[in-house]
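>>> Provided below are the primary sequence and the corresponding predicted coordinates.
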Amino acid sequence: MGSALDQSRARHVAIIMDGNGRWAKKRGLPRAVGHQRGVEAVRRLVRSLEGTGLECLTLYAFSSENWKRSEDEVDDLMNLMRRFIKSDLPEFVANNVKLKIIGDWQSLAPDIVAMLEDALAQTANGRQTLAVALNYGGQHEIARAAAKAAASGEVTIETIAAQLDTHDLPPLDLLIRTSGEIRLSNFLLWQAAYAEMLFVDTLWPDFEPAHLTQALNDFARRERRYGGR
Ligand code: IPE
Ligand code: IPE
Ligand code: MG
């Protein structure tokens, strides 16, 4: 407990899965194909989760700003989500993956909400958490949490943190973004306060479990200071 070795091991990694569109464009394929291949990258990663030793992997799947995309693209993404839950839920259960959803997912289409509720119930006893950010925006999450903290009478860092969607997850250790963009795009703004950051050029559909292993090795070599010395 508390040894240098323990601190070099990540408990919670989050990924901004970006670059599906560019992956498809490079190949002259429709964006939808990029998103499909992106789902396959998610599947590979979830299958490798046990070997990572992580307590939680959080994936940014759909932001509160992604509604600005064409109706066709939003439909494609929602349909992929439906298919993914249906096809992969039994595997989650078999592999002790505990699903968690963050963001305003309750306002998604009623059939998706029902599927997610069922998936949450079926995976409730899982060991490793897969947190999926759906209709998620960090600013909105903080505003909601602050309002709840205010309603309970005391606004402090602790009372806000206790109301965040991530309140029951370990502290965020490492935030990865693929595709070469160097921005947070409204993801885990509060949680990123002292997270380590890793920006890689790999486009999301090309992301392999080995990339995550490499990222974890990189993380293990970092010196975290939290403002102290
Ligand atoms: C990430 O890939 C998937 C989602 C945001 C849902 P993009 O669709 O953003 O791919 P690029 O950034 O256009 O390449
Ligand atoms: C962030 O990627 C959202 C997800 C990966 C789900 P975007 O592609 O939407 O972000 P911007 O538009 O490049 O900032
Ligand atoms: Mg993008």
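Sure, I can see it. Numbers count the residues shown, from 1 in each chain. Ligands and ions are numbered 1, 2, ... in the order given.
>>> and for residue 191, the neighbour number?
23 (other CB atoms under 10 Å). Using the backbone N, CA and C atoms, a C-beta is placed for each residue, glycine as well.
>>> which residues of the protein fall in strands?
12-16, 56-63, 97-102, 128-136, 174-177, 196-199 (DSSP state E).
>>> tell me the angle the third one makes with strand 56-63.
Meaning strand 97-102. 40 degrees (axes from the mean of the first three to the mean of the last three CA atoms, to 10 degrees).
>>> could you check the angle strand 128-136 makes with strand 97-102?
Going by the same axes, to 10 degrees, strand 97-102 makes 20 degrees with strand 128-136.
>>> partner strands of strand 97-102, parallel or antiparallel?
Note on strand 97-102: by DSSP bridges, its sheet partners are strand 128-136 (parallel).
>>> for stretch 93-110, buried residues please.
Buried residues in stretch 93-110, defined by neighbour count with 16 or more other CB atoms under 10 Å: 93, 95, 97, 98, 99, 100, 101, 102, 103, 104, 105, 108.
>>> show me which residues of the chain are close to ligand 1?
Neighbours of ligand 1 within the chain, by CB under 6 Å from any ligand atom: 17, 18, 19, 20, 21, 22, 62, 66, 77, 179, 204.
>>> how about the last one, what does it touch?
In other words, residue 204. By CB atoms under 8 Å, 6 or more residues apart in numbering, the contact list for residue 204 reads 17, 18, 19, 20, 23, 38, 41, 178, 179.
>>> if you look at those, which of them are in helices?
Cross-referencing those against helices under DSSP state H gives 20, 23, 38, 41.
>>> next, count neighbours for the third one.
When counting by other CB under 10 Å, one arrives at 26 neighbours for residue 38.
>>> what does the second one give?
Counted with other CB under 10 Å, the burial measure for residue 23 works out to 23 neighbours.
>>> pretty sure it is touching residue 205, no?
Yes. Applying CB atoms under 8 Å, one finds residue 23 in contact with residue 205, separated by 4.4 Å.
>>> could you name every residue contacting both of the two?
Joint contacts of residue 23 and residue 205 (CB under 8 Å, 6+ apart) are 34, 37, 38.
>>> what is the nearest of those residues to ligand 2?
residue 38 (9.2 Å; CB to the nearest ligand atom).
>>> list the contacts for the closest one?
17, 20, 23, 204, 205.
>>> do the same with residue 183
Here residue 183 is in contact with residue 177 (criterion: CB under 8 Å, 6+ apart).
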